[in-house]
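1. structure, please.
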Amino acid sequence: MEENRIITVHLTRVYKNVINKNKKKCKSDYVLNVDRIIKLKICKDFVVMNRIQAFMLNYEINKLLNKVITIDNCKYTDIIYINENMSVSSVLNLINLLDKTYKNVTFEYQIYHDDDDINMVDSLSNHKPNIIKKAVN
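-> All right, here's what the predicted structure looks like:
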């Protein structure tokens, strides 16, 4: 029986809010940059995604998360989720996806934000994420 893993998910709009004091990524960190996935896979400027674009984005995110979480050697302990257009609904959807898909993994959430709307996640989620107010320069 596999023991319960704990993975910390850092949700941010800007990567510099999460990096360590040496300004380097640790070996146990996995950076999932949603904006980069959009540029590489969808390659179009849009205001609102259509169904196919949203499906492609969700498929790529699920594929990468599955690779990181189900890796045999438990190499990753932190997932840094970067989304420039992060909203309350996107955060709640990610929390819901991770909790329902990976039952044998415990997730701890840290949200770095510069917007007061994100504070609503605390009241809307079953989890109590650690919400860190960051001022982006």
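2. from residue 36, how far off is the residue lying closest to residue 74 once chain neighbours are set aside?
-> Once flanking residues are discounted, residue 74 sits nearest to residue 5: 5.9 Å by Cβ to Cβ, 6 or more residues apart in numbering. Just so you know, the C-beta spots here come from the backbone N, C-alpha and C atoms, and that holds for glycine as well. Separation of residue 5 from residue 36 (Cβ to Cβ, to the nearest Å): 26 Å.
3. and these two? which has more neighbours close in?
-> residue 5 (14 against 11; other Cβ atoms under 10 Å).
4. tell me the phi and psi of the more buried one?
-> With angles defined as degrees, to the nearest 10, residue 5 sits at phi -80, psi 150.
5. hang on, it packs against residue 108?
-> No. When contacts are counted by Cβ atoms under 8 Å, residue 5 is not listed as touching residue 108 (11.1 Å).
6. show me the beta-bridge partners of residue 108.
-> Beta-bridge partners recorded for residue 108 (DSSP bridges): residue 8.
7. quick one, grab the pLDDT at it.
-> pLDDT, residue 108: 91.
8. do you know how far it is from residue 99?
-> With Cβ to Cβ as the criterion, residue 108 and residue 99 are 12 Å apart.
9. swap in residue 38?
-> 24 Å.
10. for the chain, longest helix please?
-> Looking across the chain with DSSP state H, the single longest helix is helix 51-69.
11. buried sites along that helix?
-> Neighbour counts over helix 51-69 (16 or more other Cβ atoms under 10 Å) mark 57, 60-61, 65, 69 as buried.
12. same question for stretch 5-14.
-> 7-14.
13. any idea which of those is closest to residue 91?
-> Taking Cβ to Cβ as the measure, residue 91 sits nearest to residue 11 out of the buried residues of stretch 5-14, at 5.9 Å.
14. re the thing from before, what angle sits between the helix or strand following the longest helix of the chain and helix 51-69?
-> Remark: after helix 51-69, the chain's next helix or strand is strand 78-82, criterion DSSP states H and E. Orientation note: strand 78-82 sits at an angle of 160 degrees relative to helix 51-69 (axes from the mean of the first three to the mean of the last three Cα atoms, to 10 degrees).
15. I'm done for today, thanks for sticking with me.
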